[in-house]
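**Q** fold the following for me, if possible:
(one chain, ligands or ions: 1)
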Amino acid sequence: MQVTRQQIVRELINNSAVPQQEYASAYAASNIALCKYWGKRDVELNLPVTSSLSISMSHLGACSKISLCDSAEDHIFLNAVAMSHNTMFYQRLVEFLDLFRPTQDTKFTIDTKTNIPVGAGLASSVCGFAATIKALDALFGWDLEPNELSILARLGSGSACRSIYDGFVLWHAGSAANGLDSFATQLEYDWPDLRVGILLVDGRQKSMTSRDAMQSTVETCRFYKTWPELVTTAIEHTLRALDHKDFWLLGATAEANALAMHALMLATTPPIIYSQAATLDYMQQVWRARSAGLGVFFTQDAGPNLKLLFLASDEARVRELFNEIEVVAPFVPVTENIVCVYE
Ligand code: 2P0
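**A** Next up, the predicted model:
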């Protein structure tokens with residue numbers, strides 16, 4: 001029988017009806033998968049077919065400040081703008097909050113701030129769910145373990161479970177029907193010289209959500225059965241690359257994994273193509289630069305934008321080739337997180 005999200009929440013939380021403080025806030029970084037999550041074995045619980053491996057984006061993320069409100073409905077703000085009820089952001093967050101209300105009449109005010117460039121293909125909702133579950137944990141004093149927070153964030157959005165941690169993160173697929181063994185953990189590697197560059201092709205909202213695209217791939221792509229083995233091998237290679245600080249293995253594995261995911265989408269009925277002409281131009285530019293000896297690779301998610309992987313020593317050359325790139329140093333500590341400043 002299908003396990004529901006509400007059952008999982010009851011399993012993990014003895015829901016205290018009394019907030020321990022007037023409000024709580026928490027930050028979560030966005031994340032980019034080097035080995036992708038593409039396909040669910042359980043749609044209700046966002047349980048993946050395979051494990052996936054990501055890197056968190058340090059200072060690019062979301063902060064969520066949460067309090068109870070004496071109102072008939074939730075009040076949700078994104079960067080100080082009240083979200084209208086018909087936005088997907090509002091609806092998905094309210095649906096998520098429904099799982100955690102001590103009583104049905106309990107309503108929340110959530111003030112989410114994000115510094116993620118709009119439409120950069122770094123879904124702010126993903127780190128929004130991770131920040132919100134951390135803030136709820138603080139508000140109600142649940143004192144949950146990180147793996148429990150990861151499970152609960154997953155109920156909002158699959159890849160949100162990886163945004164509970166910094167650095168390299170592995171989301172273990174798990175096999176239990178209730179998903180209590182499907183959570184992310186932080187990997188004990190750091191790589192201070194690693195850089196991720198965001199290359200914006202098109203910031204407009206995509207026509208098909210990754211949720212729908214993923215489901216359509218699982219249901220209609222005749223090559224989908226090859227995916228689990230592909231990702232398993234990609235994760236093994238990435239872990240080896242991390243062990244040996246082998247940047248070329250890391251980059252080549254990530255790029256091939258992203259291209260394989262898009263190849264599956266191409267073979268879906270009807271076909272799904274997120275790339276635009278400029279995406280392909282950028283890919284060719286990356287390949288030309290690499291043939292000329294530059295260590296630069298790309299990965300691509302469910303959108304036309306690319307994320308480049310390179311090392312700090314090549315940053316100047318990468319910036320020369322891609323003027324408009326936004327560079328993130330995932331392991332350089334952030335001294336002041338301006339996202340979390342509330343008046
Ligand atoms: C990933 N993506 O691993 C993959 C690669 C996009 C491409 O996880 O339906 O928003 O909420 O579980 O997490 C985006 O999908 O999907 C995603 P749901 P989610 O980052």
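
**Q** where does this structure dip in pLDDT?
**A** Low-confidence segments of the chain (pLDDT under 70): 15-16, 118-121, 335-339, 342-343.

**Q** what does it put close to the ligand?
**A** When proximity is defined by Cβ under 6 Å from any ligand atom, the chain lies next to the ligand at 33, 36-38, 46, 52, 123, 126, 157-159, 210-211, 301-302. Using the backbone N, CA and C atoms, a C-beta is placed for each residue, glycine as well.

**Q** using ChimeraX, make a named selection holding only the buried ones among these.
**A** Selecting only the buried entries of the residues of the chain next to the ligand in ChimeraX, with 16 or more other Cβ atoms under 10 Å as the criterion:
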select :33,36,37,38,46,52,123,126,157,158,159,210,301,302
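
**Q** among the residues of the chain next to the ligand, which ones are in helices?
**A** Applying DSSP state H to the residues of the chain next to the ligand, the entries found in helices are 126, 210, 211.

**Q** follow-up on the earlier one: take the residues of the chain next to the ligand and keep only those in strands.
**A** Counting by DSSP state E, those place 33, 52 in strands.

**Q** report the backbone C-alpha coordinates of the helix or strand where residue 198 lies in PDB.
**A** Assigned by DSSP states H and E, residue 198 belongs to strand 194-199. This file holds the C-alpha atoms of strand 194-199, laid out as PDB (Å, rounded to 0.1, in the frame of the first residue of the first chain):
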ATOM      1  CA  LEU A 194      37.200  23.700  -7.600                       C
ATOM      2  CA  ARG A 195      35.000  26.300  -9.400                       C
ATOM      3  CA  VAL A 196      31.500  26.200 -10.800                       C
ATOM      4  CA  GLY A 197      30.500  28.800 -13.400                       C
ATOM      5  CA  ILE A 198      26.900  29.500 -14.200                       C
ATOM      6  CA  LEU A 199      26.400  30.300 -17.900                       C
END
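
**Q** what's the distance between residue 224 and residue 250?
**A** Using Cβ to Cβ, to the nearest Å, residue 224 is found at 25 Å from residue 250.

**Q** just the helices in this protein please.
**A** 5-12, 88-98, 124-140, 146-156, 210-220, 227-244, 247-266, 277-291, 315-321.

**Q** just give me how far the second one sits from the chain centre.
**A** The chain centroid and the centroid of helix 88-98 are separated by 17 Å, computed with Cα atoms, centre = their mean, to the nearest Å.

**Q** how about the residues of the chain next to the ligand, which pair is most distant?
**A** Spatial extent of the residues of the chain next to the ligand (Cβ to Cβ) is set by the pair 46 and 301 at 16.3 Å.

**Q** does residue 91 really touch residue 85, like I thought?
**A** Yes - Residue 91 lies in contact with residue 85 (Cβ atoms under 8 Å); the separation is 7.3 Å.

**Q** how about residues contacting the strand holding residue 198?
**A** Residues from elsewhere that reach strand 194-199 (Cβ atoms under 8 Å, 6 or more residues apart in numbering): 32, 55, 57, 117, 120-122, 247, 282, 298, 305-312, 315, 318, 322, 324-331.

**Q** cool, stretch 82-99 as well?
**A** Stretch 82-99 has contacts (Cβ under 8 Å, 6+ apart) with 5-6, 9, 74-78, 108, 110, 125, 128-129, 132, 152, 155-157, 209.

**Q** contacts only, for the closest residue to the ligand within the chain.
**A** Taking Cβ to the nearest ligand atom, the ligand has its nearest neighbour within the chain at residue 158, 2.6 Å off. Listed by Cβ under 8 Å, 6+ apart, the contact set of residue 158 reads 37, 40, 46, 48, 171.

**Q** ok, and the closest non-adjacent residue to the third one?
**A** Spelled out, that is residue 46. Leaving aside its chain neighbours, residue 46 sits nearest to residue 158 (4.1 Å; criterion: Cβ to Cβ, 6 or more residues apart in numbering).

**Q** if we can go back for a sec, for PyMOL, what selects the buried ones among the contacts of stretch 82-99?
**A** Applying 16+ other Cβ under 10 Å to those, the buried members can be selected in PyMOL as follows:
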select buried, resi 5+9+74+76+78+108+110+125+128+129+132+152+155+156+157
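
**Q** first-to-last residue distance for stretch 178-188?
**A** 27 Å (Cα to Cα, to the nearest Å).

**Q** list the buried residues in that stretch.
**A** Of the residues in stretch 178-188, 178, 179, 180, 182, 183, 184, 186, 187 count as buried by neighbour count, 16+ other Cβ under 10 Å.

**Q** ok, and what's touching that stretch?
**A** 3, 7-8, 11, 42, 45-48, 53, 146-148, 150-151, 154, 161-162, 164-176, 239, 242.

**Q** contact partners for residue 130?
**A** Per Cβ under 8 Å, 6+ apart, neighbours of residue 130: 28, 62, 149, 153, 160, 161, 163, 164.

**Q** run the last query once more with 10 Å
**A** Residue 130 makes contact with 26-31, 56, 61-62, 64, 149-150, 152-154, 156-157, 159-165, 184 under the criterion Cβ atoms under 10 Å, 6 or more residues apart in numbering.

**Q** residue 134 too?
**A** Residue 134 neighbours (Cβ under 10 Å, 6+ apart): 24-28, 63-64, 66, 144, 146, 149, 152-153, 163-164.

**Q** and if you look at residue 301?
**A** 32-33, 36, 38, 121-123, 159, 206, 210, 258, 261-262, 274, 307.
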